[in-house]
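*Asks:* here's a sequence, model it:
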Amino acid sequence: MNSVLSTLLSLVSIIPPVIIFGTCCYFLSKKSAVEAILMTIGSGIGLLTSLFYSVLMPFLLGDRHLAYIGVSKYYTLIGIISFIASLCFAAGFLILIINTIKKNTVTHDQFPKSID
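*Replies:* Got it, this is the predicted structure:
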């Protein structure tokens with residue numbers, strides 16, 4: 001019972017990356033642009049690293065009895081991959097914001113201003 005509860009609690013941390021990845025996939029299906037591709041790649045890799053940290057790594061630690069050096073190598077490698085994925089997502093998000101702001105300023109400048 002205790003191991004089932006701890007497994008379910010570890011899976012709770014996967015819910016936000018799944019929602020973000022699903023949202024990015026939906027955005028990619030509606031608009032195939034660079035920002036959508038970058039955000040989907042970043043969130044997909046982020047989801048995989050979250051799965052690694054919360055599901056696979058505790059299994060490897062418990063089953064394989066890895067030494068600290070082996071564990072630190074895994075965490076370092078996944079940390080670097082997660083950093084690159086976060087950069088991809090952030091770059092796509094920044095491009096999306098810049099494009100949205102440009103689109104809003106073009107619309108804002110089309111209407112005449114009142115002289116009141």
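
*Asks:* from residue 57, how far off is the residue most central in space within the chain?
*Replies:* Nearest to the mean C-alpha position of the chain, counting by C-alpha atoms, centre = their mean, stands residue 43 at 2.9 Å. Per C-beta to C-beta, to the nearest Å, residue 43 is found 20 Å from residue 57. (C-beta placed from N, C-alpha, C; glycine too.)

*Asks:* tell me the SS of residue 48?
*Replies:* Recorded secondary structure, residue 48: helix (DSSP: H, G, I helix; E, B strand; the rest coil).

*Asks:* what is the burial count for it?
*Replies:* 17 (other C-beta atoms under 10 Å).

*Asks:* correct me, but the residue nearest to the centre of the chain touches residue 16?
*Replies:* No: contact criterion C-beta atoms under 8 Å: residue 43 and residue 16 do not qualify, at 10.2 Å.

*Asks:* ramachandran angles for residue 66?
*Replies:* Torsion angles at residue 66 (phi, psi; degrees, to the nearest 10) stand at phi -70, psi 150.

*Asks:* ok, it - contacts?
*Replies:* Taking C-beta atoms under 8 Å, 6 or more residues apart in numbering as the contact definition, residue 66 lies against 60, 74.

*Asks:* how many other residues sit next to residue 56?
*Replies:* Counted with other C-beta under 10 Å, residues neighbouring residue 56 total 13.

*Asks:* quick one: secondary structure of it?
*Replies:* helix.

*Asks:* separation between it and residue 15?
*Replies:* Per C-beta to C-beta, residue 56 is found 17 Å from residue 15.

*Asks:* neighbours of residue 59, how many?
*Replies:* Residue 59 is flanked by 10 other residues according to other C-beta under 10 Å.

*Asks:* what's the spacing between the biggest helix by length in the chain and its chain's center?
*Replies:* Longest helix in the chain, counting residues (DSSP state H): helix 68-109. Distance of helix 68-109 from its chain centroid, counting by C-alpha atoms, centre = their mean, to the nearest Å, is 8 Å.
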